[in-house]
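> quick check, what structure comes out for this input:
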Amino acid sequence: MKGEPDAGSPATSGPGAGEAPLPEFGVYVHVDEILVAITEYKPKYPELARSVGAEGYVVVHALIGRSGRVLDVRLDKVFTNPLFDETALEGARHWVFKPAYSDGHPVPVWTTIPFRFVLRE
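A predicted model of the protein is given here:
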């Protein structure tokens with residue numbers, strides 16, 4: 001996804017001007033205003049996990065674009081669970097954010113989205 005423009009960002013003017021590349025996973029991006037979740041999505045409990053009484057915790061890393069939409073997702077290497085991974089990835093894709101800002105302009109950043117799957121709360 002590196003180098004792809006964020007569909008929600010304005011075009012840059014000038015000859016040969018293009019969008020700045022998207023940050024690679026793990027690269028720090030300075031921001032003056034942090035992003036804020038506007039729409040959080042709670043995915044449906046996976047039927048297989050429910051049928052065996054399984055609970056779990058999954059952390060998804062998400063690249064949030066200048067528009068506040070999720071551009072890329074990946075599983076955390078430690079907080080993963082095969083019964084819930086795909087459901088968590090799909091759930092993270094539905095989140096929407098007020099984007100992070102640097103110098104008055106929205107910037108793409110990576111964030112983490114935790115998903116806790118509990119049968120009874």
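> make it CA atoms for all contacts and neighbour counts henceforth
Will do.
> please state the offset of the helix or strand containing residue 97 from the chain centre?
Element membership of residue 97 [criterion: DSSP states H and E] is strand 96-98. Centroid separation between strand 96-98 and its chain, computed with C-alpha atoms, centre = their mean, to the nearest Å, is 10 Å.
> could you do stretch 31-41 as well?
Mean-position distance between stretch 31-41 and its chain equals 10 Å (C-alpha atoms, centre = their mean).
> could you check how many residues crowd around residue 51?
By the measure other C-alpha atoms under 10 Å, the count of residues near residue 51 is 8.
> now do the one 3 residues further on
The burial metric for residue 54, expressed as a neighbour count using other C-alpha under 10 Å, is 14.
> mind checking pLDDT for residue 21?
Note on residue 21: pLDDT of 82.
> now for the lengthiest helix in the chain, which elements pack on it?
When the chain is parsed with DSSP state H, its longest helix is helix 85-93. If you count contacts as 3 or more C-alpha pairs under 8 Å, 6 or more residues apart in numbering; DSSP states H and E, helix 85-93 packs onto strand 56-64, strand 70-75.
> hmm, who's touching that helix?
Helix 85-93 is contacted from outside by 41-46, 58-60, 62, 70-75, 113, 115, using C-alpha atoms under 8 Å, 6 or more residues apart in numbering.
> check contacts around the residue nearest the centre of the chain.
The residue lying closest to the centre of the chain (C-alpha atoms, centre = their mean) is residue 62, at 2.4 Å. By C-alpha under 8 Å, 6+ apart, the contact list for residue 62 reads 70, 71, 72, 73, 74, 92, 110, 111, 112, 113.
> how about those residues in CSV, adding distance to residue 102 and pLDDT?
What follows is these, written out as CSV (distance: C-alpha to C-alpha, whole Å; pLDDT from 0 to 100):
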residue, distance to residue 102, pLDDT
70, 18, 98
71, 19, 97
72, 21, 97
73, 22, 98
74, 24, 98
92, 24, 98
110, 14, 98
111, 16, 98
112, 19, 98
113, 22, 98
